[in-house]
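Asks: sequence? don't have it. structure:
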Ligand code: ADP
Ligand code: MG
């Protein structure tokens with residue numbers, strides 16, 4: 001079980017955002033990606049899920065050796081890729097319950113049907129685990145949810161869909177301390193050799209609950225440093241300034257400027 005991102009260059013509206021990302025995530029591994037705002041972290045998660053807004057200029061994404069670039073979002077989902085979005089979308093008219101039920105049903109072989117009774121029990125258990133309100137099943141997906149409820153609802157979906165590779169994009173933002181603990185404990189419970197996990201976060205506090213095996217620093221659309229838990233502490237206390245100094249990244253004082261396509265995409269970082 002392995003997801004490989006190989007020398008990936010990705011643009012959005014003629015601006016190169018990812019500039020040669022390499023990352024390998026195996027079953028059982030938890031990777032944290034940290035980095036300043038606007039550096040391409042959400043772009044990386046979105047492109048793995050197949051978001052149509054982004055264009056792959058070169059490179060590849062492979063699952064167990066097979067390229068997934070020509071696969072649609074739903075095919076990727078059925079293959080076991082999951083994205084907990086930084087800003088979950090509100091979908092009026094579709095209840096939370098029907099949404100997850102439909103997602104599970106489409107994963108089943110043709111002619112087979114979801115056992116609704118069993119699903120209701122699983123849904124209720126997962127809702128309780130995530131301390132979600134009672135009416136959750138019948139509310140429209142994310143509509144009127146608080147920031148924290150939206151994030152917990154992403155983890156509820158993850159629990160029920162049981163993905164093989166999950167990207168959790170700033171799952172900690174907007175969570176108070178109790179909600180953070182609940183999310184942390186629930187995600188940690190899901191850790192297994194059958195799950196490769198990618199956590200995108202700014203803060204150490206999430207990583208106290210969900211302990212990563214690898215920590216990557218992304219700057220200007222590229223993973224520039226990989227290490228262990230010591231890296232998190234250093235970033236928490238010192239920010240990213242020292243990474244810049246250590247690696248001689250010069251265009252970092254201002255908000256990172258994405259490189260316009262017309263210029264050499266590899267110029268900014270070596
Ligand atoms: P992060 O998640 O690391 O904060 P993102 O992946 O969300 O960063 O964004 C990376 C960069 O892509 C940002 O500089 C952002 O402004 C830029 N970007 C996102 N969408 C567009 C767009 N539609 N047109 C131009 N630039 C965009
Ligand atoms: Mg982001």
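Replies: Nice, thanks for sending it over. The model shown is predicted, which means the values in this text are computed figures rather than measured ones. Ligands and ions are numbered 1, 2, ... in the order given.

Asks: tell me which strands and helices the helix or strand hosting residue 92 is in contact with?
Replies: Element membership of residue 92, judged by DSSP states H and E, is strand 91-95. Counting contacts by 3 or more Cβ pairs under 8 Å, 6 or more residues apart in numbering; DSSP states H and E, strand 91-95 is packed against strand 140-141. Glycine gets a C-beta too; all of them are placed from N, C-alpha and C.

Asks: Pull up the pairing partners for the strand it packs on, direction included.
Replies: strand 91-95 (antiparallel) (DSSP bridges).

Asks: ok, residues contacting whichever helix or strand comes after the strand it pairs with?
Replies: Going down the chain from strand 91-95, the next helix or strand is helix 96-105, by DSSP H and E. Helix 96-105 has contacts (Cβ atoms under 8 Å, 6 or more residues apart in numbering) with 77, 91, 113-114, 116, 119, 123, 136-142, 153, 156-157, 160-161.

Asks: who's sitting farthest from the centroid in this structure?
Replies: What lies farthest from the middle of the chain is residue 111; by Cα atoms, centre = their mean that is 31.9 Å.

Asks: so which strand or helix has it?
Replies: Going by DSSP H and E, residue 111 is not in any helix or strand.

Asks: Okay, it and ligand 2: tell me how far apart.
Replies: Distance of residue 111 to ligand 2, given as Cβ to the ion, to the nearest Å: 40 Å.

Asks: From ligand 1, how far off is that residue?
Replies: 41 Å (Cβ to the nearest ligand atom, to the nearest Å).

Asks: Need the pLDDT of that residue.
Replies: In this model, residue 111 is scored at 91, pLDDT.

Asks: For it, grab phi and psi.
Replies: Main-chain dihedrals, residue 111, degrees, to the nearest 10: phi 90, psi -20.

Asks: Hmm, residue 141 and residue 90 touching each other?
Replies: Yes - if you go by Cβ atoms under 8 Å, residue 90 and residue 141 touch, sitting 6.9 Å apart.

Asks: So for these two, which residue has more residues nearby?
Replies: Neighbours were counted for residue 90 and for residue 141 using other Cβ atoms under 10 Å; residue 141 has more, 21 against 13.

Asks: that older thread, may I see the buried residues of the strand holding residue 92?
Replies: Using 16 or more other Cβ atoms under 10 Å as the test for burial, strand 91-95 gives residue 95.

Asks: try stretch 214-230
Replies: Of all the residues in stretch 214-230, those buried under the rule 16+ other Cβ under 10 Å are 214-225, 229.

Asks: Check the residues you listed one by one and keep those near ligand 2.
Replies: Checked against ligand 2 using Cβ under 5 Å from the ion, those give no members in range.

Asks: and these as JSON lines, adding secondary structure and pLDDT?
Replies: Shown next, in JSON lines, are these (DSSP: H, G, I helix; E, B strand; the rest coil; pLDDT from 0 to 100):
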{"residue": "214", "secondary structure": "strand", "pLDDT": "98"}
{"residue": "215", "secondary structure": "strand", "pLDDT": "97"}
{"residue": "216", "secondary structure": "strand", "pLDDT": "98"}
{"residue": "217", "secondary structure": "strand", "pLDDT": "97"}
{"residue": "218", "secondary structure": "strand", "pLDDT": "97"}
{"residue": "219", "secondary structure": "strand", "pLDDT": "95"}
{"residue": "220", "secondary structure": "coil", "pLDDT": "94"}
{"residue": "221", "secondary structure": "coil", "pLDDT": "97"}
{"residue": "222", "secondary structure": "strand", "pLDDT": "96"}
{"residue": "223", "secondary structure": "strand", "pLDDT": "97"}
{"residue": "224", "secondary structure": "strand", "pLDDT": "96"}
{"residue": "225", "secondary structure": "strand", "pLDDT": "96"}
{"residue": "229", "secondary structure": "helix", "pLDDT": "94"}
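
Asks: tell me which of those residues is nearest to ligand 2?
Replies: residue 218 (10.3 Å; Cβ to the ion).
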